[in-house]
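Visitor: this one's structure only:
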């Protein structure tokens, strides 16, 4: 799980000095307290947050046992796990408990999207710190449950523990397509594409953290891209249905760094066209033509994919149901070159050009 606190591509300084932790004493929203509050017991809390979970076709035995018993077919199954940790990926004061709970699942779904799959069932580990009461946790899970219903994901239970920070870890299963995209499948001559626009979520993170300023209209649009990401599940499935060889990854740690993962696994190089990187009107209003956050900011959860240039951008956009931009080409060798707006090419090392789990904090 990435954080938008990723280093700018052309800077040696990764986000500067980390901000001070949120003071709960200054946060008067319901559900938060500056003093230790009494939580329900573990099993009472489990009963509360799992109340109302519907029976599903995949969950034979749900919450209440040591393991969930699932009805799985013989077809390949996708399995991914991701964590959202306070102070690393978010601050409690940045959004409602419902938004934070939903976001924990949404960013996990993006991994399934990159593989062209369909999410099916998950389990959740909730780590609770002092200062959060039962109402906050109920609202957190209400948001998570709402997101699960929206994408037809069944919640099969999980675990609750105490910790020094609030976190949600989600283990997610999905159905794999007949031909699964993979990071190792890029070949010289492939075109490089990306869905949607890049950099919005990273700008939203910086607005929440007070590092950027924007008018109320642009502020809302950019912050929403960070707090409410849109996993490209339909687009990923459509890519898999083309029947073509597709290398794909979700853009979570930043375009340059995530492309670097594809290049490393496929043992190829790439040329990117800086002018082709898609930017939203909101991004341009705040950042102008500075593409640093679009290249290295992370948290976009768009799909970056490489395939033979058999379709135009317009045709791909129609097939995938989302705007698609061609931003470069896979080449022989192991170098990543970026063509600047003035036409000059600059070599970039993708390592360290995005978020590092062990090096960045929200």
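Guide: All right, it came through fine. What you see is a predicted model, and the numbers here were worked out from it, not measured in a lab.

Visitor: Excluding covalently adjacent residues, which one is nearest to residue 53?
Guide: residue 155 (5.5 Å; Cβ to Cβ, 6 or more residues apart in numbering). Where C-beta positions appear, they are placed from N, C-alpha and C, glycine not excepted.

Visitor: and the one you found, how many neighbours?
Guide: Using other Cβ atoms under 10 Å, residue 155 has 25 other residues around it.

Visitor: Now it: which helix or strand?
Guide: strand 154-162 (DSSP states H and E).

Visitor: try residue 139
Guide: helix 134-150.

Visitor: who does that helix touch, helix- and strand-wise?
Guide: Helix 134-150 is packed against helix 42-50, helix 97-114, strand 118-128, strand 154-162, with contacts defined by 3 or more Cβ pairs under 8 Å, 6 or more residues apart in numbering; DSSP states H and E.

Visitor: Residue 90 versus residue 45, what's the distance?
Guide: Residue 45 sits 21 Å away from residue 90, going by Cβ to Cβ, to the nearest Å.

Visitor: Please identify which of these two sits among more neighbours.
Guide: Between residue 45 and residue 90, counting by other Cβ under 10 Å, residue 90 is the more crowded of the two (24 against 18).

Visitor: ok so, going back, out of the helices and strands packed on helix 134-150, nearest to residue 278?
Guide: helix 97-114 (17.5 Å; Cβ to Cβ).

Visitor: Show me the strands in the stretch 201-350 of the chain, by range?
Guide: According to DSSP state E, counting those that start in this stretch, the stretch 201-350 of the chain carries its strands in the segments 247-251, 269-273, 302-307, 324-331, 336-339, 345-347.

Visitor: picking that back up, go through the helices and strands packed on helix 134-150 and pick out the most buried.
Guide: Stretch with highest mean neighbour count among the helices and strands packed on helix 134-150: helix 97-114 (a mean of 25; mean count of other Cβ atoms under 10 Å).

Visitor: Tell me how many other residues surround residue 333.
Guide: Neighbourhood size, residue 333 [other Cβ under 10 Å]: 12.

Visitor: Which strand or helix spans the residue nearest to residue 117 when sequence neighbours are not counted?
Guide: Computed as Cβ to Cβ, 6+ apart, the closest residue to residue 117 that is not its neighbour in sequence is residue 174, at 4.0 Å. Taking DSSP H and E as the definition, one finds residue 174 inside strand 167-175.

Visitor: for stretch 44-56, how far is the first residue from the last?
Guide: In stretch 44-56, first residue to last residue: 23 Å (Cα to Cα, to the nearest Å).

Visitor: And stretch 248-257, by the same measure?
Guide: 13 Å.

Visitor: Kindly report the same for stretch 169-187.
Guide: Stretch 169-187 has an end-to-end distance of 34 Å (criterion: Cα to Cα).

Visitor: What of stretch 245-257?
Guide: Stretch 245-257: ends 22 Å apart by Cα to Cα.

Visitor: wait, isn't residue 308 in contact with residue 244?
Guide: Yes. Under the criterion of Cβ atoms under 8 Å, residue 308 makes contact with residue 244 at 6.2 Å.

Visitor: Nearest residue to the middle of this protein?
Guide: Against the mean C-alpha coordinate of the chain, by Cα atoms, centre = their mean, the closest residue is residue 107 at 3.6 Å.

Visitor: Flag the helix or strand of this structure with the lowest per-element mean pLDDT.
Guide: strand 69-70 (a mean of 63; mean pLDDT, DSSP states H and E).

Visitor: Please work out the average pLDDT along the helix or strand just after it.
Guide: Using DSSP H and E, the helix or strand that directly follows strand 69-70 along the chain is strand 77-85. On average, the pLDDT along strand 77-85 is 90.

Visitor: Does anything pack onto strand 77-85? Which helices or strands?
Guide: Counting contacts by 3+ Cβ pairs under 8 Å, 6+ apart, strand 77-85 packs against helix 97-114, strand 167-175.

Visitor: Out of the ones you listed, the one nearest residue 159 is which?
Guide: Of all the helices and strands packed on strand 77-85, strand 167-175 sits nearest to residue 159, with 8.7 Å by Cβ to Cβ.
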